[in-house]
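Participant: Provide a 3D model corresponding to the input given below.
(one chain, ligands or ions: 1)
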Amino acid sequence: ALCSAAALKLIDILWWKPRRIEEHFAKQGIRGPPYRFFIGNLREMVSLMLDATSKPMMPKSSHKILPRVLSFYHHWKKIYGSTFLLWFGPTARLAIADPDLIREIFIARADFFDRYESHPLIRQLEGEGLVSLRGEKWAHHRKVLNPTFYMDNLKLLVPTIGKTVVEKVEKWAVMSVANSGGEVEIDVSNWFEGVTEDAITRTAFGRSYEDGNAVFRLQAQQMAFASEAFKMVLIPGYRFLPTKKNTSSWKLDKEIRRNLVKLIGRRKEAAAAAAAADEERKADGAADVSAKDLLGVMINASRDGQRRVGPPQLAGAISVRDIVEECKTFFFAGKQTTSNLLTWTTVLLAMHPEWQERARLEVLQMCGSHDLPTRDQLARLKTLGMILNETMRLYPPVVATIRQAKADVELGGYKIPQGTELLIPIIAVHHDAQLWGADVAQFNPARFVDGVARAARHPTAFIPFGLGARMCIGQNLALLEARLTLAIILQRFSFRLSPDYVHAPAVLMLLHPQHGAPLLFRTLSSFKNGSLSHDAV
Ligand code: HEM
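Facilitator: So this is what the prediction gives:
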C-alpha cells in the first residue's frame, strides 16, 4: 500500500500537478509551450540552444544577441508574448520581463519572494554563502560582509591591484615591440580572469594573500570536479557515490577546511598582536588605517557571536564552515562576472574604435600616460563609465535570475501560487526596443550621458546587478576593478579584433564568448617614447 501511495504521489508531481498549474495560468491568459511528462520543455530548450550556438552571429558585428544567447526565451516570446509559462522538468517557471512587474518582485513585494532553491550541484559550485542563503542567516551575513565593499575600504586596494595589472600588461608591451607587426595577440577572456582572481583574492584575504591564493587554487580544482559531476545530473544520488572524482572532491574539501582553519588561527593571533600594538599607537596619536578583508570581518563576527549569550543560532555565530562557504561563494560570484564584463568591454571598444579613442583621450587627460590612476581620477572617468554601462546593457554577464514565490501572491493582477518560480530574463529587458528606443541594438554609450535613470523609458530597464535588497554586493568592487584595468590598458595600448575573432556570445551560466576573445594590442607611441623600460627593450 505504501508503494502504491508513493507511486500515486510521484504521478501527481510529474503529471497532474503540472496540468493543474497550466490550467491555473491559462485561465488568467498566460500560456506557454505544453508540459511534457518528466522532462517538461527541456528537450526543446536544449535543441533551440544547440541550434542557436552552432553558428556565429550574423551579421558579424551585430549586437542583436538575444536570439543566440537566450534562444528559448526569444522563440517562445514570439509565440506566447513576454509573460509565459515554461517547464524546467516538472518545475513551472513564469518568464517575466515587464519592468513594472520586475519592480514589484524585487522591491514592493520582495517579502513574498526568495532566491530559488538551486540544484545541489550548483550549490556545491557556488557555495552555501550569500548568493544562496535565505532568511535571517542571509540578513546576518549580508550585514557582516557589507563593510568589505564600502568604497572607502575598496579604494585601499587600488594601488595594489593597479600595480599587479601594470606588471601583467608590461609583458604585452615587451612582446608587441618584439613582434614584426608591432602587435601582440592576447585572448582577453582568459587573461582577465587572472586579473579578477587577483582582485578577489585581495578583497577576501587581504594581508594573507599567499595563503588565500592557495585556498582559492584548491577551490578552483573542486569547482572543476563539481562541473564534471553536473554532467551526471540525471543519475539520482550520483554526488554521494564514492567515484574517483567524488572522493578527490571530498579530499579537497577537507584540505580547504584545514587550510582555512590554520589561516583563521593565524589571523586571530595577528589580530590580537595588532590590537595590542594599536593601543600603543593610539597612545602615540597615530591614525588607524586598515582594510577590512572578507576573512577579517567574518572572524570578527564569529568572535562577537561567541561572546554574546544565548542559543548559538540566535547569537548568529559565524562558524568555520560558514567562512569556507562564503569564500567559495565570493570566488564563484566575483571572478568570472567581472572578467566577462572586462572581456565584452574590450571587444566592444575594438569593434567601435571611435569610442576607444574617446575613452583613451579622457584617460590620458585625467590620469596621464604613465602614472597609476588614483581612485578619485577613476571616479571622474565619465566616458568610461558610460561605456561600461552600455556594455552591461547589451552584454550583461548575468543574463537572467530566478525567484520563488514563498506564498500565494498577486502580481500585476495575476494570481501566482506558492512555489512558482519566476524567471527574470535580464538580457531581454536590456534589449527591449519599447524601453530603449529604435536604436536598442546599437552600441551607443551616449545614451547614458545623463545618468542611468535618464537612459531608458523606465527606471527598472537597466538591472545588470539585480535590484532591491539582494542586489549584487560586489558591484563597487567590480566597477572599480573594471575602470582601473581598462584605464591602465588604454594608457598603454590601442587594440583591435584579431582576424581569428568570431563573434559568438553564448551562455554557460554566464554570458561569455563561445570561441574566446583574441585581440591584437599595439603599444602606443606616447607610451613607448616616455617609458624608459620600453625604450630599453
Ligand atoms: C560585472 C560584475 C558583476 C555582475 C554583472 C554581477 C551581477 C550580479 C547579480 C545580477 C546579482 C543578483 C542576483 C539575483 O538577484 O538573483 C548578484 C549578486 C551577488 N553578487 Fe554579483 N555581479 C558582479 C560582480 C560581483 C563581484 C565582484 C562579487 C564579489 C566580490 C559579487 C558577489 C555577489 C554576491 C555575493 C551576490 C549575492 C548577494 C545577495 O544575495 O545578498 N558579484 N551579482
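
Participant: show me which residues of this structure sit near the ligand.
Facilitator: Residues of the chain found near the ligand (C-beta under 6 Å from any ligand atom) are 130-131, 142, 200, 203, 329-330, 333-334, 337-338, 341, 397-398, 401, 464-466, 470, 472-474, 477-478. Every C-beta, even on glycine, is put in place using the N, C-alpha and C of the backbone.

Participant: just the buried members of these?
Facilitator: Among these, those buried by neighbour count (16 or more other C-beta atoms under 10 Å) are 130-131, 200, 203, 329-330, 333-334, 337-338, 341, 397-398, 401, 464-465, 470, 472-474, 477-478.

Participant: gap between residue 1 and residue 8?
Facilitator: According to C-beta to C-beta, to the nearest Å, residue 1 stands 11 Å off from residue 8.

Participant: quick one: the strands in the stretch 51-200 of the chain?
Facilitator: 84-88, 91-95, 113-115, 183-187 (DSSP state E, counting those that start in this stretch).

Participant: let's have those in JSON lines, adding distance to residue 296, mean neighbour count and mean pLDDT.
Facilitator: Shown next, in JSON lines, are the strands of the stretch 51-200 of the chain (distance: least, C-beta to C-beta, whole Å; neighbours: other C-beta atoms under 10 Å; pLDDT from 0 to 100):
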{"stretch": "strand 84-88", "distance to residue 296": "40", "mean neighbour count": "21", "mean pLDDT": "96"}
{"stretch": "strand 91-95", "distance to residue 296": "39", "mean neighbour count": "22", "mean pLDDT": "95"}
{"stretch": "strand 113-115", "distance to residue 296": "26", "mean neighbour count": "18", "mean pLDDT": "93"}
{"stretch": "strand 183-187", "distance to residue 296": "35", "mean neighbour count": "20", "mean pLDDT": "96"}
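
Participant: what is the burial count for residue 361?
Facilitator: As a burial measure, residue 361 scores 12 neighbours (other C-beta atoms under 10 Å).

Participant: burial check on the closest residue to residue 206 other than its chain neighbours, number of neighbours?
Facilitator: Once flanking residues are discounted, residue 206 sits nearest to residue 293: 3.1 Å by C-beta to C-beta, 6 or more residues apart in numbering. Residues near residue 293, counting by other C-beta under 10 Å, number 23.

Participant: check contacts around residue 293.
Facilitator: Going by C-beta atoms under 8 Å, 6 or more residues apart in numbering, residue 293 touches 148, 202, 203, 204, 205, 206, 207, 208.

Participant: identify the residue spatially nearest to the residue of the stretch 401-537 of the chain found nearest the ligand, adjacent ones excluded.
Facilitator: Minimum separation of the stretch 401-537 of the chain from the ligand (C-beta to the nearest ligand atom) falls at residue 474, amounting to 2.2 Å. Computed as C-beta to C-beta, 6+ apart, the closest residue to residue 474 that is not its neighbour in sequence is residue 334, at 5.1 Å.

Participant: and the one you found, what pLDDT?
Facilitator: With respect to pLDDT, residue 334 scores 91.

Participant: same question for the one 4 residues further on.
Facilitator: What the model reports as pLDDT for residue 338 is 97.

Participant: could you number the chain from 600 rather than 1 from now on?
Facilitator: Fine by me, first position is 600 from now on; the one you just mentioned is residue 937.

Participant: that one touches residue 797, doesn't it?
Facilitator: No - under the criterion of C-beta atoms under 8 Å, residue 937 makes no contact with residue 797, lying 11.1 Å away.

Participant: mind checking how far the residue of the stretch 900-1049 of the chain found nearest the ligand is from residue 602?
Facilitator: Closest residue of the stretch 900-1049 of the chain to the ligand, C-beta to the nearest ligand atom: residue 933 (3.0 Å). Computed as C-beta to C-beta, the residue 933 to residue 602 distance reads 48 Å.

Participant: what's the mean pLDDT across stretch 609-626?
Facilitator: Stretch 609-626 shows a mean pLDDT of 95.

Participant: can you dump the C-alpha atoms of it in CSV for me?
Facilitator: The C-alpha trace of stretch 609-626 is given here as CSV (Å, rounded to 0.1, in the frame of the first residue of the first chain):
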residue,chain,number,x,y,z
LEU,A,609,5.0,10.6,-8.0
ILE,A,610,2.4,10.6,-10.8
ASP,A,611,0.8,13.6,-9.2
ILE,A,612,4.1,15.5,-9.1
LEU,A,613,5.1,14.5,-12.6
TRP,A,614,1.7,14.7,-14.3
TRP,A,615,-1.4,16.0,-12.6
LYS,A,616,0.2,18.9,-10.7
PRO,A,617,1.8,20.4,-13.8
ARG,A,618,-1.5,20.1,-15.6
ARG,A,619,-3.3,21.9,-12.8
ILE,A,620,-0.7,24.7,-12.9
GLU,A,621,-1.0,25.0,-16.6
GLU,A,622,-4.8,25.3,-16.3
HIS,A,623,-4.5,27.8,-13.5
PHE,A,624,-2.4,30.1,-15.6
ALA,A,625,-4.3,29.5,-18.8
LYS,A,626,-7.5,30.8,-17.1
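
Participant: need the residues that contact it.
Facilitator: Contacts for stretch 609-626 (C-beta under 8 Å, 6+ apart): 630-631, 633-634, 636-637, 639, 684, 686, 689, 691, 693, 1013-1014, 1016, 1019.

Participant: related to what we said a few turns ago, right, and the residue of the stretch 900-1049 of the chain closest to the ligand touches residue 1080 too?
Facilitator: No - the criterion here is C-beta under 8 Å, and residue 933 misses it with residue 1080 at 9.3 Å.

Participant: so what's in contact with the two at the same time?
Facilitator: Common contact partners of residue 933 and residue 1080 (C-beta under 8 Å, 6+ apart): 795, 798.

Participant: how about the strands in the stretch 950-1099 of the chain?
Facilitator: Under DSSP E, counting those that start in this stretch, the stretch 950-1099 of the chain gives strands at 1000-1004, 1008-1010, 1013-1015, 1020-1023, 1092-1096.

Participant: re earlier: quick one: pLDDT of the residue of the stretch 1000-1136 of the chain closest to the ligand?
Facilitator: Confidence score, pLDDT, at residue 1073: 95.

Participant: isn't it right up against residue 745?
Facilitator: No - Residue 1073 is beyond contact range of residue 745, at 11.1 Å (criterion: C-beta under 8 Å).

Participant: which residue is the nearest non-sequential neighbour of residue 760?
Facilitator: Closest to residue 760 by C-beta to C-beta, 6+ apart is residue 798, at 5.0 Å.

Participant: that older thread, of residue 600 and residue 607, who's got more company?
Facilitator: Set side by side, residue 600 and residue 607 show more neighbours around residue 607, with 11 against 5, by other C-beta under 10 Å.
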